[in-house]
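1. Task: produce atomic coordinates for the following.
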Amino acid sequence: MTGCFLTPGDFESELTIENSGQFTFAYRGEIVLNLPNRAGSNTYDVEAIYADIEPTCYNEPATVAEPDAVVEPDTAADAADGADDWSIGIPDTAYEPRECTPEEIAEQRAEWQETIDAMRENEQRQATIMMQLLGGINIDDDETMRAYAARLQQQRGWNSVVYRGNRVFEVDYRITGSVDQGFVFPVLDGFEVSQPMVVITAAEDGTVRVQAPGFASDRGLAGMMLLSGMGEMADAESPVQTTANGRFVVRTNGDIRTNNTENGPADEAGMRVLAWMVDGLSRPKPETLIRLSR
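-> Residues are numbered from 1 along each chain as shown. This next block holds a predicted model:
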């Protein structure tokens, strides 16, 4: 089952990897619980869609005369004059609005109510699925989300977690560990995260790969994966949105083998430093391969 997207808002993030294999990762800023529009929340009032609409009826077009009743033109010129007149036999009042009969009004309103009921049923189904994905957490209830932020702050690394409303958390996260154990950020208790922001993996040959799929500005493929996984919960008009605005920095005294920064590594206080800007421009996910000399 596909889960939710946690995307960055305004943020600063740094990762330091020592030759010894020790790393320190920090993230300060916003984390946005990002879902397709209409997924798991009542984002629109379906009744309001039809509240101001009045039933509308139109005159039917006149029935065209049967071929044997059609008057033949007297001359070839007359035939040519009428060849392009496609409106022959249709009165000027055809398709004009008219007053609806009581029966027509009742029929149209019944069709509207069927649509409203179907939309409400679909919303409820979406909300149920999202509650299951999010461990029973109602993401549209501010009190519940503030309580969840307090619970998250008790976990290792989460120094500060404040729920700002509108599915936005303000966080201060910092953790130290060993690359041999691997690392994924963020991990939220009870949430099934579809795509992490940062992943660290170590290989037997002494190399360490750092990838930051959650910092990619072009999230089109990831969004398609989420939408396809939720089926009816989203459509082409409800994309995953990201408002990321920040910078991801990797510092290391190891040997940088590959990276996809725009300017390459810089030297700073005995460390090699890589920096990626994360904004609304289309950019690939930050990625680098580092060899440690342990």
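2. Quickly find the element holding the spatially closest residue to residue 156 that is not a sequence neighbour.
-> Nearest non-adjacent residue to residue 156, counting by CB to CB, 6 or more residues apart in numbering: residue 175, 6.7 Å away. The C-beta positions use only the backbone N, C-alpha and C, and glycine is treated the same way. Residue 175 belongs to strand 168-178 when elements are defined using DSSP states H and E.
3. Could you pull out the buried residues of the helix or strand that that strand is followed by?
-> For strand 168-178, the following helix or strand on the C-terminal side (DSSP H and E) is strand 183-185. Residues of strand 183-185 classed as buried: 183, 185 (neighbour count, 16 or more other CB atoms under 10 Å).
4. can you start the count at 51 instead of 1 from here on
-> Shifting the count to begin at 51 puts that one at strand 233-235.
5. partner strands of strand 233-235, parallel or antiparallel?
-> Here strand 233-235 has these sheet partners by DSSP bridges: strand 248-252 (antiparallel).
6. For the protein, just list every one of the strands.
-> Assigned by DSSP state E, the chain shows strands spanning 55-67, 72-84, 107-108, 147-148, 208-215, 218-228, 233-235, 248-252, 257-261, 295-302, 305-309, 316-318, 321-328, 337-341.
7. what's the last one in contact with?
-> Among residues not part of strand 337-341, those counted as contacts by CB atoms under 8 Å, 6 or more residues apart in numbering are 67, 255-262, 300, 302, 304-311, 324.
8. ok, now with 7 Å
-> Under the contact criterion CB atoms under 7 Å, 6 or more residues apart in numbering, strand 337-341 has outside partners 67, 256-261, 300, 302, 304-310, 324.
9. One more: the first one?
-> Judged by CB under 7 Å, 6+ apart, the contacts made with strand 55-67 from elsewhere in the structure are 73-85, 218, 229, 236, 243-245, 247, 258, 260, 264-265, 276, 290, 292-302, 304, 328, 340.
10. buried ones in it?
-> For strand 55-67, burial by neighbour count (16+ other CB under 10 Å) applies to 55, 56, 57, 58, 59, 61, 63, 64, 65, 66, 67.
11. which one among those gets closest to residue 193?
-> Taking CB to CB as the measure, residue 56 is the one of these closest to residue 193, at 20.7 Å.
12. Would you quantify the distance from the closest one to residue 82?
-> Distance of residue 56 to residue 82, given as CB to CB, to the nearest Å: 7 Å.
13. Where in the chain is the helix or strand with the lowest mean pLDDT?
-> In the chain, the helix or strand scored least confidently by mean pLDDT, DSSP states H and E is helix 270-280, which has a mean of 43.
14. what about residue 66, distance to residue 319?
-> Taking CB to CB as the measure, residue 66 and residue 319 are separated by 11 Å.
15. And for residue 158?
-> Between residue 158 and residue 319 the computed distance is 73 Å (CB to CB).
16. more crowded one of those two?
-> The neighbour count for residue 158 versus residue 319, taken as other CB atoms under 10 Å, is higher for residue 158 (17 against 7).
17. Excluding chain neighbours, what is closest to the more buried one?
-> Per CB to CB, 6+ apart, closest to residue 158 is residue 105, 4.4 Å.
18. What number of residues are in the vicinity of that neighbour?
-> Neighbourhood size, residue 105 [other CB under 10 Å]: 15.
19. So it is in contact with residue 157, correct?
-> No: if you go by CB atoms under 7 Å, residue 105 and residue 157 don't touch, sitting 8.5 Å apart.
20. Any regions of the stretch 201-344 of the chain where pLDDT drops low?
-> Across the stretch 201-344 of the chain, residues meeting the criterion (pLDDT under 70) sit at 241-244, 268-292, 332.
21. switch the cut-off to 50
-> Low-confidence segments of the stretch 201-344 of the chain, defined by pLDDT under 50: 270-291.
22. so how many other residues sit close to the nearest residue to residue 233 once chain neighbours are set aside?
-> The shortest distance from residue 233 to any non-neighbouring residue, by CB to CB, 6+ apart, is to residue 250 (4.1 Å). Under the neighbour criterion other CB under 10 Å, residue 250 is assigned a count of 23.
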